[in-house]
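Enquirer: Take this sequence and fold it.
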Amino acid sequence: MSFCFNFDVPASSVKSDGVHGHGLQDEKKDKAAASPQDNTEPAEPAKEAKEHLLPSDPQFLLADAVSETVTIGTLPPLHFLNETVFEKTAPEREDDERILSRTAEQRSDLIPGVYEGGLKVWECTYDLLEIIEKDGETFGGKAVLDLGCGAGLLGILALKRGARHIHFQDYNSTVIEQLTVPTVLLNCQEDDDIESEDDTEGRGKGKAQEKDGCEKTLKEKQGVKDGSPPPKKIALGQSQHLSKCRFFSGDWSTFLDLILKTGPQPKYDIIFTSETIYNTAYYPVLHETLHKLLAPGGLVYLATKSHYFGVGGGLHLFESFVEQTGTFSVDHLWDGDEGLQRHVVVLRFKKPEDTGVGPIRDSCQ
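Expert: Okay, here's the model as predicted:
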């Protein structure tokens with residue numbers, strides 16, 4: 001299986017010493033990476049949402065796992081499954097949706113209504129991670145939703161930085177089961193191991209030990225470059241970090257229906273969504289999902305490209321849609337000026353006085 005990446009990531013470790021230092025390929029390659037299909041309507045019916053519960057022994061999901069690490073400034077290291085190894089082992093993985101075989105056959109990163117790109121870590125995710133590092137967001141005690149999560153690196157960062165609970169959502173159940181959950185487990189495994197060492201040796205040296213533990217783990221992860229599996233650690237079933245996480249798959253409309261049925265009705269202080277506005281046909285349901293699930297005073301962090309060739313969406317069209325609805329304001333946090341331009345923006349509810357027409361209709365107040 002060969003997926004087209006628009007950024008250069010070394011096989012074992014990605015390091016960024018400055019904001020937005022990731023290599024960009026030219027616009028021609030970005031065009032090639034986009035789906036060749038011009039039809040923006042889903043090719044198949046929307047997928048019903050469901051929640052994915054962890055197996056009784058989640059450790060087996062990491063058997064033979066080979067990972068790579070991204071480190072950005074002061075952020076904690078984030079680990080995810082090595083793409084090349086994932087592709088080579090795809091035939092051995094459970095895949096009721098057949099997205100692994102179909103994306104290989106069509107050599108496409110996107111099949112509307114079938115596979116929505118969740119097996120890749122797209123470059124805008126790194127842009128958003130760098131903005132978070134620059135702004136110093138800690139997420140302490142906040143409820144977080146990683147919408148269209150893929151590997152889930154944004155939600156995992158919130159987990160590592162003290163979020164109260166984190167929900168991960170992706171269109172494809174195969175992505176959740178075969179990529180998101182193992183990646184979360186991989187990171188929980190490290191954090192729980194560090195806390196276990198702190199408990200054993202004393203909290204007085206906690207910070208120093210955490211630093212040493214992270215450095216040790218990074219060396220271990222870089223050491224699996226030869227294909228050796230990561231070392232086993234404490235039982236993941238006892239992970240306090242993992243108990244904060246829930247996992248969902250399905251179309252946004254059915255996900256919204258499902259999540260609203262769970263009581264009490266959830267409200268998220270932070271919603272992450274990266275590379276999700278490529279298809280204009282999805283704008284109404286995405287907007288409704290953000291509208292219904294964002295807490296008053298909450299923030300939506302959106303990372304995106306200016307334009308997605310082949311599927312037609314992009315930031316300008318989405319901003320126009322948001323402006324017409326009058327529910328959110330959009331502020332630009334970062335605008336890239338190299339190659340195919342990328343952006344990080346934040347959405348927040350408009351105040352009644354900002355709309356000029358009184359209270360926001362159907363707002364989440």
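Enquirer: Now do the helices in this structure.
Expert: Per DSSP state H, the chain carries helices over the ranges 27-33, 83-88, 99-106, 123-135, 153-160, 173-175, 181-201, 206-223, 252-261, 283-293, 315-325, 352-355.
Enquirer: Gly150 - nearest residue in space that isn't next to it in sequence?
Expert: Closest residue in space to Gly150, ignoring its immediate chain neighbours: Gly118 at 4.4 Å, by C-beta to C-beta, 6 or more residues apart in numbering. For every residue, glycine as well, the C-beta is placed using N, CA and C.
Enquirer: just for the chain, where's the confidence low?
Expert: Scanning the chain with the threshold set as pLDDT under 70 gives 1-45, 190-238, 353-365.
Enquirer: what's the longest strand in it?
Expert: strand 294-305 (DSSP state E).
Enquirer: just the angle between it and helix 123-135, please?
Expert: Per axes from the mean of the first three to the mean of the last three C-alpha atoms, to 10 degrees, the angle that strand 294-305 makes with helix 123-135 is 120 degrees.
Enquirer: Send me strand 294-305 as CSV with only the CA atoms.
Expert: Coordinates of the C-alpha atoms in strand 294-305 are reproduced here as CSV (Å, rounded to 0.1, in the frame of the first residue of the first chain):
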residue,chain,number,x,y,z
LEU,A,294,-19.0,23.3,21.8
ALA,A,295,-19.4,24.6,25.3
PRO,A,296,-20.1,28.3,25.9
GLY,A,297,-16.8,30.0,25.9
GLY,A,298,-15.2,27.0,24.2
LEU,A,299,-12.8,27.0,21.2
VAL,A,300,-12.6,25.1,18.0
TYR,A,301,-9.1,24.8,16.6
LEU,A,302,-9.2,24.1,12.9
ALA,A,303,-6.1,23.4,10.8
THR,A,304,-6.5,23.4,7.0
LYS,A,305,-5.2,24.1,3.6
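Enquirer: So what are the sheet partners of that strand and their directions?
Expert: As defined by DSSP bridges, the strand partners of strand 294-305 come to strand 268-274 (parallel), strand 342-349 (antiparallel).
Enquirer: winner for burial among the ones you listed?
Expert: Mean neighbour count (mean count of other C-beta atoms under 10 Å) peaks for strand 268-274 among those, with a mean of 24.
Enquirer: Give me the contact list for that strand.
Expert: Under the contact criterion C-beta atoms under 8 Å, 6 or more residues apart in numbering, strand 268-274 has outside partners 122, 124-125, 128, 139, 142-150, 154-155, 158, 163, 167, 286, 290, 293-295, 297-304.
Enquirer: what are the ranges of the strands in the stretch 1-150 of the chain?
Expert: Along the stretch 1-150 of the chain, counting by DSSP state E, counting those that start in this stretch, strands occupy 13-16, 50-52, 67-72, 78-81, 143-147.
Enquirer: Give the other helices and strands that the fourth one contacts.
Expert: So that's strand 78-81. With contacts taken as 3 or more C-beta pairs under 8 Å, 6 or more residues apart in numbering; DSSP states H and E, strand 78-81 sits against strand 67-72, helix 153-160, helix 181-201.
Enquirer: likewise the shortest one?
Expert: Using 3+ C-beta pairs under 8 Å, 6+ apart as the contact criterion, the secondary-structure elements in contact with strand 50-52 are strand 245-249.
Enquirer: mind redoing it with 10 Å?
Expert: Under the contact definition 3 or more C-beta pairs under 10 Å, 6 or more residues apart in numbering; DSSP states H and E, strand 50-52 sits against strand 165-170, strand 245-249, helix 252-261.
Enquirer: sorry, back to before: mind putting the strands of the stretch 1-150 of the chain into CSV with distance to Phe60?
Expert: Listed next are the strands of the stretch 1-150 of the chain as CSV, based on distance: least, C-beta to C-beta, whole Å:
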stretch, distance to Phe60
strand 13-16, 26
strand 50-52, 15
strand 67-72, 16
strand 78-81, 15
strand 143-147, 24
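Enquirer: Would you reformat the ones you listed as CSV and include distance to Gly339 and mean neighbour count?
Expert: Shown next, in CSV, are these (distance: least, C-beta to C-beta, whole Å; neighbours: other C-beta atoms under 10 Å):
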stretch, distance to Gly339, mean neighbour count
strand 13-16, 17, 17
strand 50-52, 36, 16
strand 67-72, 20, 21
strand 78-81, 24, 24
strand 143-147, 26, 26
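Enquirer: I'd like to know which of the ones you listed is closest to Asp109.
Expert: Set against Asp109 and scored by C-beta to C-beta, these come closest in strand 78-81, at 16.8 Å.
Enquirer: For that closest one, which strands pair with it and how are they oriented?
Expert: strand 67-72 (antiparallel).
Enquirer: then the partner strand to CSV, C-alphas only?
Expert: Included here for strand 67-72 are C-alpha records, laid out as CSV according to Å, rounded to 0.1, in the frame of the first residue of the first chain:
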residue,chain,number,x,y,z
SER,A,67,6.4,3.4,16.4
GLU,A,68,7.9,6.7,15.5
THR,A,69,8.1,9.9,17.6
VAL,A,70,7.3,13.5,16.9
THR,A,71,8.9,16.1,19.3
ILE,A,72,8.0,19.8,19.0
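Enquirer: okay, the angle between that strand and helix 153-160?
Expert: Note on geometry: by the same axes, to 10 degrees, strand 67-72 and helix 153-160 are set 80 degrees apart in direction.
Enquirer: The nearest residue to Tyr308 once chain neighbours are set aside - how many residues pack around it?
Expert: In space, not counting the residues next to it along the chain, Tyr308 is nearest to Tyr278; the distance is 3.8 Å by C-beta to C-beta, 6+ apart. Here the number of neighbours of Tyr278 (other C-beta atoms under 10 Å) works out to 25.
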